[in-house]
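Visitor: quick one: sequence plus predicted model below, questions after.
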Amino acid sequence: MYGEAAYAETAFGEGTGLAAPIIPEVGLETRQLIYVIELLELIAVGDVAVVEPPTPPGGTTRSTRQAALSAVGRATRAALATFSAYSEPGAVVGADFWMAPTGNDANPGTEALPWRTFAHADTMVSPGDVVVLKPGIYVEEDIILTTSGSAGNPITYQSQVRHGAIVKPIDNQAGLEVILGDADYIILDGLQVDGTVYPELLGGITMQGSHTEVKNTWIHHIRCLGQTDGGSGYLCGNGPTAAYDQVDNKIYNCRVNDIGDIVNATALVHGIYLSHVDGQCFNNLVYRIEGGGIHLWHRASSIMVHNNTLFDCGDSGLILGHGTEPQAPVSLQNTKVSNNIVIDSPFGIRSSGAQGTGNEARNNTCFNCGTAFSLGTNWAVSGSSTTDPGLINYQASGSGNYTPRTTGAAANSGVATWAPLFDYNNVTRPKGSGFDRGAFEGGTQLTASFDAVGTGTVTGGLGLINFGDTP
């Protein structure tokens, strides 16, 4: 499922592929849910389903377009998002406005006359709007998104081509993020955040609101030099008052690499940093990180961490912790960690800080790590492995193919409970007799590869898909 987090945990039993509900938190009524299920059963893998919302009448002002886009159109678009895994990753659905590096903020924001900056788009959008970014380099200083969507009607910024909209800061921006989401119900989809020539950035993407998603996005070369209080590729939590009161945030199908000072490493700079309650982190490829690949801290609790592939992390692949914040919950609780692969890191998966009840770690692999697993006694642990996961072409440089071989130890050995129903490439899971561990599903022996700068292709059951990763 491309548009929403969908899990295989089910009241009908593990591994059945049925769920109750199949797509949590989407808010579909029963009739809509049945419609989606029936439509999924009719679509063959490789098909492209297109459902168009009603075409609004003339007019390009915000008020005119908002009035024209009917509630029926929005519901149709939301329903399509639940099964668009069957179309090519990054397919644009229901664009309301457009941006381009060559655009002009005096334009009406149409495909022919797009806007140029996030700052202007943020002042123009309303709940439910989709802003599509044409490929190219967007250079903008201190991007802060302050306009919120609403439940069922998020505001989406989507790259027309996955990783094709490349966002860079205008100058060094020491101590700042490239993008700061300071609003609720925002989706960032398919962007590339590149901090290569700006070594003193604090972070790539920081989300300080609730009910946000960052997906299909590439965050890389955020060095965080001189940041004595840490930094990250992606951060969710914190805020002006450091209340850590965000809830229901997701990061998935993202590539996060070269975060921090790899040579002079500390434990304060992380790839993905989650410090809030009720979050989902899955299908991410994370590597060459100064500290922890994925780090839970501060007020973190009720976090789902599944099917990530991590390697070459300076401290640990996964750090599952909770700080000393006074707000409840006062410990890490009800956190589920499964089907992750960690390679070539001092620690594989470890717990830290205040630990509560209801935490589970199931069917994770830590290979060639100094200490594979270091989890407290209050963790329910099962299915752990230190065996080579058997990836098609593991390369520590990030240029390999991280899909499990059909005969590899990671193939078909994941636990179905909590497993996402799609992988990093939006290929449906499972393909073999069970769910694969890690971010990539290889049951049809897909061949996928990245080159040194990230250009990649995958061939197999879905034909040829170009990731569009060339910087």
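Guide: Now that the structure is in, tell me what you want to look at.
Visitor: now the strands for the stretch 101-250 of the chain?
Guide: When secondary structure is read from DSSP state E, counting those that start in this stretch, the stretch 101-250 of the chain shows strands at 130-133, 136-139, 143-145, 155-159, 165-168, 177-181, 186-189, 192-194, 203-207, 213-215, 218-222, 231-236, 247-252.
Visitor: could I get these as JSON lines with mean neighbour count, mean pLDDT and distance to Thr371?
Guide: Every C-beta, even on glycine, is put in place using the N, C-alpha and C of the backbone. Supplementary listing: those in JSON lines, determined by neighbours: other CB atoms under 10 Å; pLDDT from 0 to 100; distance: least, CB to CB, whole Å:
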{"stretch": "strand 130-133", "mean neighbour count": "23", "mean pLDDT": "98", "distance to Thr371": "42"}
{"stretch": "strand 136-139", "mean neighbour count": "16", "mean pLDDT": "96", "distance to Thr371": "42"}
{"stretch": "strand 143-145", "mean neighbour count": "21", "mean pLDDT": "94", "distance to Thr371": "39"}
{"stretch": "strand 155-159", "mean neighbour count": "26", "mean pLDDT": "97", "distance to Thr371": "39"}
{"stretch": "strand 165-168", "mean neighbour count": "22", "mean pLDDT": "96", "distance to Thr371": "37"}
{"stretch": "strand 177-181", "mean neighbour count": "24", "mean pLDDT": "85", "distance to Thr371": "32"}
{"stretch": "strand 186-189", "mean neighbour count": "24", "mean pLDDT": "97", "distance to Thr371": "35"}
{"stretch": "strand 192-194", "mean neighbour count": "26", "mean pLDDT": "95", "distance to Thr371": "32"}
{"stretch": "strand 203-207", "mean neighbour count": "27", "mean pLDDT": "87", "distance to Thr371": "28"}
{"stretch": "strand 213-215", "mean neighbour count": "25", "mean pLDDT": "96", "distance to Thr371": "30"}
{"stretch": "strand 218-222", "mean neighbour count": "26", "mean pLDDT": "93", "distance to Thr371": "27"}
{"stretch": "strand 231-236", "mean neighbour count": "29", "mean pLDDT": "81", "distance to Thr371": "23"}
{"stretch": "strand 247-252", "mean neighbour count": "22", "mean pLDDT": "92", "distance to Thr371": "26"}
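Visitor: now render those as JSON lines, adding distance to Asn284.
Guide: Compiled in JSON lines, the strands of the stretch 101-250 of the chain are given as follows (distance: least, CB to CB, whole Å):
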{"stretch": "strand 130-133", "distance to Asn284": "21"}
{"stretch": "strand 136-139", "distance to Asn284": "23"}
{"stretch": "strand 143-145", "distance to Asn284": "22"}
{"stretch": "strand 155-159", "distance to Asn284": "17"}
{"stretch": "strand 165-168", "distance to Asn284": "18"}
{"stretch": "strand 177-181", "distance to Asn284": "17"}
{"stretch": "strand 186-189", "distance to Asn284": "14"}
{"stretch": "strand 192-194", "distance to Asn284": "14"}
{"stretch": "strand 203-207", "distance to Asn284": "13"}
{"stretch": "strand 213-215", "distance to Asn284": "10"}
{"stretch": "strand 218-222", "distance to Asn284": "10"}
{"stretch": "strand 231-236", "distance to Asn284": "9"}
{"stretch": "strand 247-252", "distance to Asn284": "7"}
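Visitor: ok, which of these comes nearest Tyr424?
Guide: For Tyr424, the closest of the strands of the stretch 101-250 of the chain is strand 247-252, at 8.6 Å, according to CB to CB.
Visitor: right, and the helix or strand after the closest one?
Guide: Once the chain leaves strand 247-252, the next helix or strand it forms, by DSSP states H and E, is strand 255-259.
Visitor: quick one: strands adjacent to that next one?
Guide: Neighbouring strands of strand 255-259 in its sheet, by DSSP bridges, are strand 218-222 (parallel), strand 285-289 (parallel).
Visitor: quick one: which of the strands of the stretch 101-250 of the chain is nearest Ala300?
Guide: For Ala300, the closest of the strands of the stretch 101-250 of the chain is strand 231-236, at 9.6 Å, according to CB to CB.
Visitor: any chance of the strands paired with strand 255-259 in a markdown table, plus distance to Leu201?
Guide: A markdown table is the format used below for the strands paired with strand 255-259 (distance: least, CB to CB, whole Å):
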| stretch | distance to Leu201 |
| --- | --- |
| strand 218-222 | 5 |
| strand 285-289 | 15 |
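Visitor: closest to Met124 out of these?
Guide: Put simply, out of those the one that sits nearest Met124 is strand 218-222, at 25.6 Å, with distance taken as CB to CB.
Visitor: how about the strands in the stretch 351-471 of the chain?
Guide: In the stretch 351-471 of the chain, the strands defined using DSSP E, counting those that start in this stretch lie at 359-362, 365-367, 371-374, 379-382, 391-393, 401-404, 447-450, 456-459, 465-466.
Visitor: buried set for stretch 346-354?
Guide: For stretch 346-354, burial by neighbour count (16 or more other CB atoms under 10 Å) applies to 347-354.
Visitor: just the mean pLDDT for it, thanks.
Guide: For stretch 346-354, the per-residue pLDDT values average out at 93.
Visitor: which residues touch that stretch?
Guide: Contacts of stretch 346-354 with the rest of the structure, by CB atoms under 8 Å, 6 or more residues apart in numbering, involve 297, 313-324, 330-332, 337, 340, 342, 359, 361, 364, 366-367, 369-376, 379.
Visitor: are any of these buried, and if so which?
Guide: Burial by neighbour count, judged by 16+ other CB under 10 Å, picks out 297, 313-323, 331-332, 337, 340, 342, 359, 361, 364, 366-367, 369, 372-373, 375, 379 from the contacts of stretch 346-354.
Visitor: distance of Thr407 relative to Ile205?
Guide: With distances taken as CB to CB, to the nearest Å, Thr407 is found 37 Å from Ile205.
Visitor: I meant Trp297, not that one.
Guide: Using CB to CB, one obtains 17 Å as the distance from Trp297 to Ile205.
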